[in-house]
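In: Pasting the sequence and the predicted coordinates here, then a few questions.
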Amino acid sequence: MIDLKLLRDDPDRVRESQRLRGADPSLVDALLAADDARRTAVSRADALRAEQKAVSKSVASASPDERPAVLARAKELSAQVKDAEAEQAAADAALREAQLAIPNIVEDGVPPGGEDDFVTLATVGTVPTVDAPRDHTEIGEALRAIDTARGAKVSGARFYFLTGVGAQLELALVNLAMEQASAAGFVPVIAPALVKPETMEGTGFLGAHASEVYRLADDDLYLVGTSEVALAGYHSDEILDREELPLRYAGFSSCFRREAGSYGKDTKGIIRVHWFDKVEMFSYVPAEDARDEHQRLLAWEREFLDKLELAYRVIDVAAGDLGTSAARKYDCEAWFPSQGTYRELTSTSNCTTFQARRLNIRTRGAAPDGSGRKLPSAGNEPVATLNGTLCAIARTIACLLDHHQQPDGSVYVPAALRPWLGGRELLTP
RNA sequence: GGAGGCUUCGCCUAGUCUGGUCUAUGGCGCCGCACUGCUAAUGCGGUUUGGGUUAACCGCCCAUCCCGGGUUCGAAUCCCGGAGCCUCCGCCA
């Protein structure tokens, strides 16, 4: 949810952000109205409660003569308080709904427009030239690394088995990613893939993208589409000491996506699947440090792609193509020779304080005089959260096979992966 | 899955039977000040969280005793529902 103080100070900024996203600017006015209504309801209820409290207290000390009158007044107030509290609850709910309807405020500098209006920030490496390239499905079958036919037999479309060297590749990538993350100071985490509704909602995945998410109705749990969900929920309802920030986690988990509305896209192979494993970076930082952290996450993503010796480009995703929680998003897209194009491999989003507000993750403000007194000016403030893919395994394997295919049908193994693949420089059928 | 116990403002804890003086006790930790010629001791003060009032502060007001309902003029306390934790039994990688 967005900052209500900022909304009051500068509603035009929020309206402009809505326009950039192609969202409805009038939702901003609805939110302002809901906030006003809630304030009114709260102050009315507060005043009534104060009066009722005083009268109730006087019941016990009232003389027998006065008592009936006092009691009558107390009962009257009690009924009024009940009404006022019902109104307040309704106003609270309305405000929350209005808040959830508005996505994060777009960062300054984000390109306007939609999916095709990204700006390319960098192009790295040399695009390999391959005559008559085969796609990763073909190569994966030849290597007996990927079995989509049996994936479909057992689980349905968009499922796969990784076998033999395919399975080894997954473990190699996980190891390489975790090794890099640890070296950079991330805490390695194995995160749950099932989460409660409030965790899912807090990360912003139950809004516009609710249809993308698997839900277990019998248990009221959701399957995560990314371990970002669990890593964001990890510190929910906590107050973090400022000295312990930044907190950085590298989460490994399975990810599940319904891929509703992507019929016909990437139907072959393991580029777009219902289930894959992923190593995700997640940072909690002070709000003012979010932009810098975003650049750091991007740098770590690039470092990983460099280790895989892939040609890729970095794009600045346009406002209309941002997720609900993101203020800005950079994607790294690697070259797929068989498709003759760049395809997204990793993605990093700056969610500023948007997720933290929903999940109630704050940092303690220190009193300027160090007295430990509570000072509003030094009050607790939401942190910023950021996430970035380090390695989405299935898609990365697809890219490696495609990108590093050789004329003789073998696949080149980047040096960084060899320690986990028995030192092999080439994968051969 | 069955039975029982527990959940209080960082941690521990008093209070719950017998509803109002709970505006929640004490200890630990932490912060500040004072003092002592040494980061120890002692003393004093402060220390849940959210919201409101204020230019800001001080102060004051409302809510908050796991969560949600209910009874009552009044609930940490009584009733109902739920969650989490613990113990025992059963089952199980």
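Out: In hand now; what should we look at? No experiment lies behind these values; they were computed from the predicted model shown.
In: interface residues of the stretch 151-300 of chain A facing RNA strand B?
Out: When proximity is defined by Cβ under 7 Å from any atom of the strand, the stretch 151-300 of chain A lies next to RNA strand B at A:Ile239. Where you see a C-beta, it was placed from the backbone N, CA and C, and this is true even at glycine.
In: Which helix or which strand is home to the closest residue to RNA strand B within the stretch 151-300 of chain A?
Out: Evaluated by Cβ to the nearest atom of the strand, the stretch 151-300 of chain A has A:Ile239 as its residue closest to RNA strand B, separated by 6.3 Å. Using DSSP states H and E, the element containing A:Ile239 is strand A:238-240.
In: Just list what the helix or strand following that strand packs against, helices and strands only.
Out: Using DSSP H and E, the helix or strand that directly follows strand A:238-240 along the chain is strand A:247-256. Using 3 or more Cβ pairs under 8 Å, 6 or more residues apart in numbering; DSSP states H and E, the elements in contact with strand A:247-256 are helix A:165-183, strand A:187-190, helix A:228-233, strand A:275-285.
In: Show me which positions of strand A:247-256 end up buried.
Out: A:Leu247, A:Arg248, A:Tyr249, A:Ala250, A:Gly251, A:Phe252, A:Ser253, A:Cys255, A:Phe256 (16 or more other Cβ atoms under 10 Å).
In: thinking again about what came up before, so what's the residue of the stretch 151-300 of chain A closest to RNA strand B bridging to?
Out: A:Arg362 (DSSP bridges).
In: For it, give me its contacts.
Out: A:Arg362, A:Thr363, A:Arg364, A:Asn380 (Cβ atoms under 8 Å, 6 or more residues apart in numbering).
In: Hmm, the first one is touching A:Pro382, no?
Out: In other words, A:Arg362. Yes - if you go by Cβ atoms under 8 Å, A:Arg362 and A:Pro382 touch, sitting 5.4 Å apart.
In: can the host helix or strand of A:Ser78 be found next to RNA strand B?
Out: Taking DSSP H and E as the criterion, A:Ser78 maps to helix A:67-100. Yes - Helix A:67-100 lies within reach of RNA strand B by Cβ under 7 Å from any atom of the strand, at A:Leu71, A:Ala74, A:Lys75, A:Leu77, A:Ser78, A:Ala89.
In: how about the nearest residue to the fifth one, chain neighbours excluded?
Out: Setting aside the residues directly before and after it, A:Ser78 is nearest to A:Gln52 in space (Cβ to Cβ, 6 or more residues apart in numbering), at 6.2 Å.
In: residues near that neighbour, how many?
Out: A count of nearby residues for A:Gln52, using other Cβ atoms under 10 Å, gives 21.
In: Also A:Lys57?
Out: Based on other Cβ under 10 Å, the number of other residues close to A:Lys57 is 11.
In: can you give me the offset of the one helix or strand it maps to from its chain's centre?
Out: Assigned by DSSP H and E, A:Lys57 belongs to helix A:26-61. Mean C-alpha position of helix A:26-61 versus that of the full chain (Cα atoms, centre = their mean, to the nearest Å) differs by 35 Å.
In: and if you look at stretch A:3-19?
Out: Distance, centroid of stretch A:3-19 to centroid of chain: 22 Å (Cα atoms, centre = their mean).
In: Can that stretch be said to contact RNA strand B?
Out: No - shown here: stretch A:3-19 not in contact with RNA strand B (Cβ under 7 Å from any atom of the strand), separated by at least 8.0 Å.
In: which regions of chain A lie under the pLDDT threshold?
Out: A:365-378 (pLDDT under 70).
In: distance of A:Thr163 from A:Gly151?
Out: Distance, A:Thr163 to A:Gly151, by Cβ to Cβ, to the nearest Å: 10 Å.
In: If you count surrounding residues, which of the two has more?
Out: It is A:Gly151, of A:Thr163 and A:Gly151, that has more neighbours when counted by other Cβ under 10 Å, with 20 against 15.
In: Please name the residues that touch A:Leu245.
Out: A:Tyr284, A:Val285, A:Pro286, A:Asp289, A:Thr363, A:Val383.
In: now swap in A:Ser283 and tell me
Out: Counting by Cβ under 8 Å, 6+ apart, A:Ser283 has contacts A:Pro246, A:Leu247, A:Arg248, A:Tyr249, A:Glu293, A:Leu297, A:Thr385, A:Leu386, A:Asn387.
In: Excluding chain neighbours, what is closest to the fifth one?
Out: If the residues on either side of it in the chain are set aside, A:Glu293 comes closest to A:Val285, at 4.7 Å by Cβ to Cβ, 6+ apart.
In: Identify the bridge partners of the one you found.
Out: The partner residues for A:Val285, given DSSP bridges, come to A:Ala384.
In: That one reaches A:Glu244, doesn't it?
Out: No - in this structure A:Val285 lies outside contact range of A:Glu244 using Cβ under 8 Å: 11.1 Å.
In: higher neighbour count, these two?
Out: A:Val285 (22 against 9).
In: Kindly provide the distance from that one to A:Val55.
Out: With Cβ to Cβ as the criterion, A:Val285 and A:Val55 are 50 Å apart.
In: circling back to that earlier point, neighbour-wise, which of the contacts of A:Ile239 leads?
Out: A:Thr363 (23 neighbours).
In: residues touching the residue nearest to A:Ser78, list them.
Out: Contacts of A:Gln52 (Cβ under 8 Å, 6+ apart): A:Ala74, A:Leu77, A:Ser78, A:Gln80, A:Val81.
In: Near A:Pro25, how many other residues are there?
Out: Neighbours of A:Pro25 (other Cβ under 10 Å): 16.
In: you'd agree it is up against A:Pro11?
Out: No - A:Pro25 lies out of contact with A:Pro11 (Cβ under 8 Å); the separation is 9.7 Å.
In: Can you pull the phi and psi angles for the spatially most distant residue from the centre of chain A?
Out: Computed with Cα atoms, centre = their mean, the residue of chain A farthest from its C-alpha average is A:Asp65, at 64.6 Å. Note on A:Asp65: its backbone torsions stand at phi -70, psi -40 [degrees, to the nearest 10].
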